[in-house]
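Engineer: next input, structure requested:
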Amino acid sequence: MGVAAFTGVSYSLASSPIFLGAFAAGLAPACSSRITMLPLTKPFGTPNGKIVVCGDFTTYTDTSTHTIGRGILRVNSDGTLDPAFNNGGTGGNYEISLCMQEVGTNGIPTEKIIIGGSFDHYNGAAVPGGLIRLNQDGTWDNTFNSGGAGISSGGLSGTILQELGTNGLPTGKILFTSGWGGFGDYDGVAANGIMRVNADGTADTTFMTAAFGPSSTVFGLAQELRTTTGLPTGRFVVGGTFSSYAGATVPSGVLRLNADGSLDPTFNSAGTGFAPSVGIQAVLAEFAATSLPTGKFLVTGWGGPWTYNDGTTHNTPSGLVRINGDGTWDSTYNFAGAGFNADARFLSWDIDDAGFLTGKTWVAGPTSQYNGTAIPIGVVRIDAAGGLDATLNPGQSGYDGGDVQWVVPTFGATGLPTGKMITFGSAPNTTFNGIAHAAPAYLSQLNANGTLDSSFNFHGTGAGIGGTSPVVFMGFQVNQ
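Structural biologist: Modelled structure (predicted):
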């Protein structure tokens with residue numbers, strides 16, 4: 001089963017549609033809790049090699065420095081700026097934290113882009129707060145949630161995910177989580193932490209909202225998949241910092257929701273979840289090297305010491321653990337390992353250049369040790385059993401002093417992976433393997449062996465100016 005098509009931060013397996021979750025996010029990587037990978041059952045859409053990047057910045061440097069619209073840009077496959085994207089536009093009035101390419105209910109990319117953040121203006125015009133749709137050229141599509149207010153306060157910085165139906169095709173609906181910003185309503189519908197909207201951008205009132213407690217922070221979001229077919233069950237696994245839902249006490253940090261947003265009480269029914277000092281940032285549906293889901297979930301996060309209660313309290317590895325499909329802790333993953341020595345951000349699957357999942361996982365974050373062993377800072381690869389893949393950039397220091405938020409695979413014009421990985425984050429990350437100014441700031445590309453790809457924005461300094469997290473999210477563009 002190879003990758004047939006890739007859209008946004010999304011792709012599909014030719015004979016088995018899958019949902020890849022990240023910080024990416026569900027049927028996704030990233031990304032994230034924030035990265036959403038969408039499956040296609042037919043090979044519609046091929047990458048055009050361009051990458052949409054969002055965050056909080058106003059300039060981009062390749063061979064020269066360009067002034068751009070705030071918070072969003074598009075680069076070519078070699079890392080140079082694409083000046084045709086939102087040409088002359090001023091962008092958002094605040095940070096743009098999330099971006100995702102839209103896919104139609106027929107599985108074909110629409111070439112439009114969904115963006116989320118803390119803005120309520122785009123290119124100088126008042127827009128629905130926090131969530132809008134852009135045309136292929138980066139201009140605002142005012143037919144999405146036309147006349148709606150959007151988010152009235154706060155913003156989005158968690159995960160954005162295009163929902164798949166149980167047949168594996170997009171329903172047209174979009175789910176998103178709040179992240180750090182939080183929000184209280186959408187188009188006047190009370191919400192807290194998680195929301196689902198219809199294909200036209202209006203609030204989906206059939207989805208349970210305002211269920212998380214007021215102090216909750218909701219990040220990770222992944223769609224659950226069947227182990228036999230790879231098709232969605234209709235349920236979602238959510239990660240963050242919370243201990244109540246719909247007025248009920250729930251396992252802290254990770255829970256499962258039914259298709260209508262109601263709580264699934266069978267998930268970790270005997271346990272209290274993670275320690276209150278632990279926050280879950282990303283949730284990823286795990287795939288075996290057979291390219292079918294295992295039914296398990298990988299989660300990353302911050303804080304500690306890490307413990308997990310599923311009826312019994314366990315001391316778990318820090319930063320990265322695997323949860324069984326019933327919500328219990330999988331003690332076979334990195335058994336007796338200490339885990340990371342710092343926060344683990346987002347994670348994505350490892351895909352070989354033939355388009356097959358390898359069973360390994362890429363993890364981003366400011367970590368410098370795993371299970372007590374020194375690792376390259378910023379990006380590491382973990383094998384299927386939870387052990388360190390020591391073949392990645394061995395003996396090197398990686399992004400010295402940096403903070404990589406995301407690591408995601410790149411795809412070529414054929415729809416197959418290039419074997420390279422794009423990294424981006426909230427620190428300049430310009431020093432690589434001990435060489436100052438080796439990498440473009442905030443946005444760079446690694447070869448499959450973990451070394452820096454010097455052909456990407458060569459001699460550039462990347463998307464870095466202003467803001468505390470200049471690059472926070474990205475998505476690949478796909479042609480129809």
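Engineer: quick one: strands adjacent to the host helix or strand of Thr410?
Structural biologist: Assignment of secondary structure by DSSP states H and E places Thr410 within strand 404-411. Applying DSSP bridges, strand 404-411 is found paired with strand 417-425 (antiparallel).
Engineer: residue contacts, the residue nearest to Asp326 when sequence neighbours are not counted?
Structural biologist: Leaving aside its chain neighbours, Asp326 sits nearest to Phe267 (6.8 Å; criterion: C-beta to C-beta, 6 or more residues apart in numbering). C-beta coordinates here come from the backbone N, C-alpha and C atoms, glycine included. Residues near Phe267 by C-beta atoms under 8 Å, 6 or more residues apart in numbering: Val237, Pro251, Leu255, Arg256, Asp326, Gly327.
Engineer: quick one, phi psi at Phe267?
Structural biologist: Main-chain dihedrals, Phe267, degrees, to the nearest 10: phi -80, psi 120.
Engineer: dump the strand holding Thr410 to PDB, restricted to CA.
Structural biologist: Coordinates of each C-alpha in strand 404-411 appear next as PDB, following Å, rounded to 0.1, in the frame of the first residue of the first chain:
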ATOM      1  CA  VAL A 404      11.500  22.800  16.800                       C
ATOM      2  CA  GLN A 405       7.700  22.600  17.000                       C
ATOM      3  CA  TRP A 406       6.900  20.400  14.000                       C
ATOM      4  CA  VAL A 407       8.500  17.900  11.700                       C
ATOM      5  CA  VAL A 408       6.600  16.700   8.700                       C
ATOM      6  CA  PRO A 409       7.400  14.700   5.500                       C
ATOM      7  CA  THR A 410       7.600  16.400   2.100                       C
ATOM      8  CA  PHE A 411       6.100  14.900  -1.000                       C
END
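Engineer: pLDDT on it, on average?
Structural biologist: Averaging pLDDT along strand 404-411 gives 86.
Engineer: again with stretch 76-90
Structural biologist: 92.
Engineer: ok, and what's touching that stretch?
Structural biologist: Taking C-beta under 8 Å, 6+ apart as the rule, stretch 76-90 contacts 49-52, 60, 62-63, 66, 68-70, 72-75, 122-124, 134, 137-139, 410, 440, 443-445, 455-458, 460, 462.
Engineer: of all the residues in stretch 121-139, which ones are buried?
Structural biologist: 121-123, 127-134, 136, 138 (16 or more other C-beta atoms under 10 Å).
Engineer: how about stretch 279-291?
Structural biologist: Gly279, Ile280, Gln281, Ala282, Val283, Leu284, Ala285, Glu286, Phe287, Ser291.
Engineer: ok, of these, which one's closest to Thr105?
Structural biologist: The closest of those to Thr105 turns out to be Ala285 (C-beta to C-beta; 21.5 Å).
Engineer: how near is that closest one to Ser262?
Structural biologist: 20 Å (C-beta to C-beta, to the nearest Å).
Engineer: and for Glu102?
Structural biologist: As judged by C-beta to C-beta, Glu102 and Ser262 stand 27 Å apart.
Engineer: run through the bridge partners of Thr241.
Structural biologist: In this entry, Thr241 is beta-bridged to Thr217, by DSSP bridges.
Engineer: I meant His314, not that one.
Structural biologist: Going by DSSP bridges, His314 forms beta bridges with Tyr308.
Engineer: test my guess that it contacts Val321.
Structural biologist: No. Look at His314 against Val321 with C-beta atoms under 8 Å: they stay out of range, at 9.2 Å.
Engineer: which neighbours do those two share?
Structural biologist: Counting by C-beta under 8 Å, 6+ apart, the residues touching both His314 and Val321 are Tyr308, Trp329.
Engineer: okay, those two: which has more neighbours?
Structural biologist: Val321 (27 against 15; other C-beta atoms under 10 Å).
Engineer: looks like the more buried one contacts Trp306 (just checking).
Structural biologist: Yes. The pair Val321 and Trp306 qualifies as a contact (C-beta under 8 Å) at a distance of 7.2 Å.
Engineer: show the pLDDT at Leu443.
Structural biologist: 87.
Engineer: cool, Gly107 as well?
Structural biologist: So Gly107 comes in at 85 (pLDDT).
Engineer: for Gly273, same thing?
Structural biologist: At Gly273, the model reports a pLDDT of 98.
Engineer: what's the answer for Gly401, then?
Structural biologist: 76.
Engineer: same deal with Thr110?
Structural biologist: Looking at Thr110, the pLDDT reads 87.
Engineer: can you name the next helix or strand after the strand or helix carrying it?
Structural biologist: Using DSSP H and E, Thr110 sits in strand 109-117. Later in the chain than strand 109-117, the nearest helix or strand by DSSP H and E is strand 121-122.
Engineer: ok, back up a step: now the common contact residues for Val321 and Trp306.
Structural biologist: With C-beta under 8 Å, 6+ apart, Val321 and Trp306 have common neighbours Gly339.
Engineer: helices and strands of this structure: which one has the lowest mean pLDDT?
Structural biologist: strand 3-6 (a mean of 26; mean pLDDT, DSSP states H and E).
Engineer: quick one, strands of the stretch 251-400 of the chain?
Structural biologist: Secondary structure of the stretch 251-400 of the chain (DSSP state E, counting those that start in this stretch): strands at 254-257, 273-274, 278-287, 293-303, 307-309, 313-315, 320-323, 347-351, 357-365, 369-370, 373-374, 378-382.
Engineer: remind me what the second one packs against, helices and strands.
Structural biologist: If I follow you right, that is strand 273-274. Packing partners of strand 273-274 (3 or more C-beta pairs under 8 Å, 6 or more residues apart in numbering; DSSP states H and E): strand 254-257, strand 307-309.
Engineer: and those as a markdown table, adding mean neighbour count and mean pLDDT?
Structural biologist: Formatted as a markdown table, the helices and strands packed on strand 273-274 follow (neighbours: other C-beta atoms under 10 Å; pLDDT from 0 to 100):
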| stretch | mean neighbour count | mean pLDDT |
| --- | --- | --- |
| strand 254-257 | 24 | 96 |
| strand 307-309 | 21 | 98 |
